[in-house]
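> need a 3D model of the following:
(2 chains)
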Amino acid sequence: MSLGQRQRHDAISGNPLPDPPPGPTVLELRHVTCAYEQGRPAICDISLAIREGEILCLLGPSGCGKTTTLRVIAGFEPVTAGEVYLEGRLVSSPDSLVATERRRIGMVFQDYALFPHLRVLDNIAFGLHALPKDERQARVSTLLALIGLTGLERRYPHELSGGQQQRVALARALAQKPAVLLLDEPFSNLDPDMTGKMREELYDLLLRTKTTAILVTHDHEEAFAMADRVAVLRDGRLEQFDSPEAIYHTPASPFVADFVGQADFVPGLIENGTVATEIGSFPNQKGFAAGTKVVVMIRPDDVHIAPSAQGTARVTARQFRGSENLYTLQLPSGDILHSSETSTSIYPIGTLVNVHVLATHTVLFEQGRPTSA
Amino acid sequence: MATTVRHALPASLSMFAFTVAGLAGLPLAFVAYMALTAGTPVWSRLWQTRIPELLLNTGALALSVSAGTLLLGVSLAWLVVRYDFPARRFWEWTLVLPLAMPTYVLAYVYTYLLGIGGPIEQIWQTWAGPDARIFPPHSLSGATLVMTLDTFPFVYLLSRTALMNFNVSFEEVAQACGASRLRTWFCVTLPLMRPAIVAGLSLVVLYVVSDFGAVSLLRFQTFTYAVYQQVSGRYDHAAAAALSLLLVLLALLFLVAERWFRQRSRFYQTTGRYRAPARKALPPLGAWLATTYAAAVFAASFGVPAWLLAKWSLAALAEGALDARFLGFITNSLLLSGSAATLAIAIGTPLAYVATRRPSTLHVLCSQAVYAGYVLPGPVGALALLVLISHVAPFWYGTILVLIAAYVLHFLPTGLQAMEPALQQVTPNLEEAARSLGYGPAGTLRSVTLPLVRGGFIAAWVLMFLQCMKELPATLLLRPVGYDTLAVRIWLEASEEYYQLAAPSALLIVAVTIPAILLLVSKDWRAA
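Numbers count the residues shown, from 1 in each chain, chains lettered A, B, ... in the order given. From the prediction side, this is the model:
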């Protein structure tokens, strides 16, 4: 429910991107490269900026460099090229590195890293030792109320459930009012049944505390649900940095298209100003020259099928997914296309069908580029 | 299927376990009985003449050695785990070698090094003037130095394992909370290492309290040395039993305190994952300092003593020390240790099997009773057997059978510690699978269980064998007249300051112990 309260951009297909929410820039990465080994950068030439109050997701498969990016921002890893600015201050460059403890960042680790020898109370107060005692206590009670764990402050971390541990880790990170909160795969250690609820809670908490946050995840649904903007990383490079809607509907590369949802790539040729494929012609949105070989990205929800004796495509498999039926279709050329149909439309395997594609939702890529990692 | 296999565990095995446990508990019970019936005169005499001094000395030694090993062990572990410097791997391994040096060997080398006119005093005098004196080896300082150098690897090894398993996220999150390096170290790293450090220190304290070799050679009056003197010099078995009881109580008190502390400070890992901390390369000056530090500790604890032993051995060999008598000592040592280790395996196997497979309260109690041999310091165990045998079976007195029994009693716990995990690794499912494939109990044992536990049992045998080779106080008190072992010769000759004569035996013991130590440490390393 809280997800709906946020000002969201409407799903716009193929249109120019909306502006990010206004506000001063809190964090900026300029052409950042970080290499653990000489010549093999873990991240390469990453540039992005995050505004106050914004939630940004670093999305990508494992090993793409998203956690490294987070650790660079935290100051755990030095940069080999480029600069990091936090609140307008240069904090990382090849020549200088501001220590983590002087950066005003908050971090929630994947395993939460709650100090096992300290009670909930002392875990949350860990970063507040400079405050006078009564002020510290007041701040801790506020935070406990905020995360809804009042009454559990005398427990040890191992006496808490996974979700409670995560909330304590969150409170500990928020205690010193960080300029930016970094979350490393915050839901990966939770029971899958719990993640939906925890996601909503976290989102709500970030909004209420007006926290600027960067979240690392490999789950595009999580990224879409949480983020104002998503940065998709692949092999240490920034593939696309955009709103969730733009990432989904106008992916910058076949890799992004494939990573953030099911997609098929149908080959086509530019002829007479349109893209000719075996399932019909599509607009030449990117103005490729005639004769160019292209692929058309089509998502299953834009493909509709109707049984017909003259149909050119054949149903080869059906996956019942509860709210929908996902059909696998074989085209005359042998290429595979998927279609999402309603839960109740059931066609047996072998049925010949006609294929209709909603032309406005397709995206063109020049052929020859790799389609997926 | 499962139930039939479980029922197949014969009742005779349980009976055997009870019998062994009873026999193992008997000496301790007998010593306690003797001490409590010793009468007021004995106790009041001891209280007026010996007990306060012994308590003070034993306590002071335990405390100062703890402080020393804490400092050396933790700092060296920190250095080799967190930093990189030239030959780091080399130092990481060589720093455990002092464990191969029996305390009496190190003590005997240091009586020479620290003695009046000895090398250290000479160096000191060229520096601080001809009348300058250093502390004598026969003092609290001398005993502290020797015991610290000999036992710091316990703290070092356990701290090192703890540091290698340390989840570096804890330190990173502390820094993200704005904590300085110093605060991170004292508020996060050190508290999380505390259980490992306490475990290491408790090993050290038990070792110090029950050590006889070093304190006897350094003539430092502690409980073990006093018990030995009462038995061998004054033949006062009642007084010896009284002192023994105090010593055992002291050890038990310490063990209980340690267990209580450990339970309170047991930390639960909140997650299974962890990232190992990065190793930091030291700048040239730091690397030089680290190397010097590690090299100095190694030289003092193992390098210089081993070199001296080798030098003296060569001199002794040149004078014809390698004669039939010397070979006789070797034969005695091998025969005694070999038969004791073999007997211990034979007795230990059913015990370990019963304790791991049918861990009922009674069976666990049995194996706990056997562990009583652990808190019986060498002279106490020897005293107990001595008195028991002279009462029950005087015709056995002065035979090697009594000595072997003493060894088994004392070292069976060590063996069990290696055998029980080996047996635990063989899950009953494996045996049940063999049974389901048509093997009988004997066939299962032969083709499944034994091949799987062989490694652990061999390790147990080697460990017990080496401990028997090094054993000193029980051997001194119980050996047949004239039946000397290598350890006894070292002690006798070192007591008379015949440094060269003692060297070949000492070098031999150190040399055979080194591979076993390295093997143990490498296992520990792989488990880490």
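> do I have it right that A:L58 meets A:L233?
Yes. The criterion here is CB atoms under 8 Å, and A:L58 meets it with A:L233 at 6.2 Å. C-betas here are computed from N, CA, C, even on glycine.
> pLDDT score for the residue of the stretch 201-350 of chain A found nearest chain B?
Sorted by distance to chain B under CB to the nearest CB, the residues of the stretch 201-350 of chain A start with A:I214, at 13.0 Å. Among the per-residue scores, A:I214 shows a pLDDT of 95.
> I'd assumed it was in a helix, is it?
No. Note on A:I214: no helix contains this position according to DSSP: H, G, I helix; E, B strand; the rest coil, which reports strand.
> tell me the spacing between it and B:R357.
Using CB to CB, to the nearest Å, one obtains 53 Å as the distance from A:I214 to B:R357.
> and B:T292, by the same measure?
In this view, B:T292 and B:R357 are 52 Å apart by CB to CB.
> looking at the two, which one has more neighbours?
Residue environment comparison for B:T292 versus B:R357 gives the larger neighbour count to B:R357, 17 against 10, counting by other CB atoms under 10 Å in any protein chain shown.
> I'd say that one and B:P428 touch.
Yes. The criterion here is CB under 8 Å, and B:R357 meets it with B:P428 at 7.1 Å.
> who touches both of those two?
Residues touching both B:R357 and B:P428 (CB atoms under 8 Å, 6 or more residues apart in numbering or on different chains): none.
> so where's the stretch 1-150 of chain A uncertain?
Scanning the stretch 1-150 of chain A for pLDDT under 70 picks out A:1-22.
> in it, which spans are helices?
With DSSP state H, counting those that start in this stretch as the definition, the stretch 1-150 of chain A shows helices at residue ranges A:2-5, A:66-74, A:120-124, A:133-147.
> list phi and psi for residue 322.
In the absence of a named chain, this looks at chain A. Per-residue torsions, A:G322: phi 90, psi -80 (degrees, to the nearest 10).
> look at chain B instead
Dihedral angles for B:L322 - degrees, to the nearest 10 - are phi -80, psi 70.
> check contacts around it.
B:P504.
> right, and A:V120 touches A:L160 too?
Yes. If you go by CB under 8 Å, A:V120 and A:L160 touch, sitting 7.2 Å apart.
> so what sits against both of those two?
Residues touching both A:V120 and A:L160 by CB under 8 Å, 6+ apart: A:152, A:168.
> more neighbours: these two, which one.
Each of A:V120 and A:L160 has its neighbours counted (other CB under 10 Å); A:V120 has more, 27 against 19.
> please tell me how far the more buried one sits from chain B.
In this structure, A:V120 lies at 12 Å from chain B, with CB to the nearest CB, to the nearest Å as the measure.
> so how far is A:L143 from that residue?
From A:V120 to A:L143 the distance is 10 Å (CB to CB).
> domain map for chain A?
Chain A breaks down by automatic domain parsing into domains covering A:2-104+A:178-254, A:262-366.
> which one of those has the most crowded surroundings?
With neighbours defined as mean count of other CB atoms under 10 Å in any protein chain shown, those peak in mean count at domain A:2-104+A:178-254, which reaches a mean of 18.
> now whichever strand or helix holds B:R194: buried residues?
Counting by DSSP states H and E, the secondary-structure element that holds B:R194 is helix B:190-210. Judged by neighbour count using 16 or more other CB atoms under 10 Å in any protein chain shown, the buried positions of helix B:190-210 are B:191-210.
> to A:I105, which of the helices of the stretch 1-150 of chain A lies closest?
Relative to A:I105, the nearest member of those by CB to CB is helix A:66-74, separated by 5.6 Å.
> that closest one close to chain B?
Yes. For helix A:66-74 and chain B, the contact criterion (CB under 8 Å from any CB of the partner chain) is met by A:A74.
> pull the residues that contact that helix.
Here helix A:66-74 makes contact (CB under 8 Å, 6+ apart) with A:27, A:29, A:32, A:34, A:42-43, A:46, A:58-60, A:77, A:79, A:84, A:86, A:92, A:100, A:103, A:105, A:107, A:180, A:182, A:184-185, A:214, A:216-218, A:233, A:236, B:172, B:176.
> check stretch A:229-240 too.
Stretch A:229-240 is touched from outside by A:20, A:41-48, A:50, A:54, A:56-61, A:64-66, A:68-69, A:223-224, A:241-244, A:247, A:251-253, A:255-256, A:259-260, A:373, with contacts defined as CB under 8 Å, 6+ apart.
> quick one: end-to-end length of that stretch, please.
End-to-end distance for stretch A:229-240, by CA to CA, to the nearest Å: 10 Å.
> near chain B, which residues of the stretch 151-300 of chain A? Just list them.
Counting by CB under 8 Å from any CB, the residues of the stretch 151-300 of chain A close to chain B are A:156-158, A:165, A:172-173, A:175-176, A:182, A:189.
> any chance of the domains of chain A in TSV, with distance to B:A132 too?
As requested, the domains of chain A are exported to TSV (distance: least, CB to CB, whole Å):
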stretch	distance to B:A132
domain A:2-104+A:178-254	47
domain A:262-366	85
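> closest to B:Y439 out of those domains?
For the domains of chain A, distance to B:Y439 was read as CB to CB. The smallest value, 42.4 Å, belongs to domain A:2-104+A:178-254.
> the closest residue to B:I116 other than its chain neighbours: which element?
For B:I116, the nearest residue in space outside its immediate sequence neighbours is B:P136; the separation is 7.3 Å by CB to CB, 6 or more residues apart in numbering or on different chains. Using DSSP H and E, B:P136 falls within no helix or strand.
> can you verify my assumption that B:P136 contacts B:G118?
No. Under the criterion of CB under 8 Å, B:P136 makes no contact with B:G118, lying 9.8 Å away.
> farthest from the middle of the chain: give me that residue.
I'll assume chain A. Farthest-out residue of chain A from its mean C-alpha position, per CA atoms, centre = their mean: A:A309, at 42.8 Å.
> not quite, go with chain B.
Residue farthest from the centre of chain B, counting by CA atoms, centre = their mean, is B:G438 at 44.3 Å.
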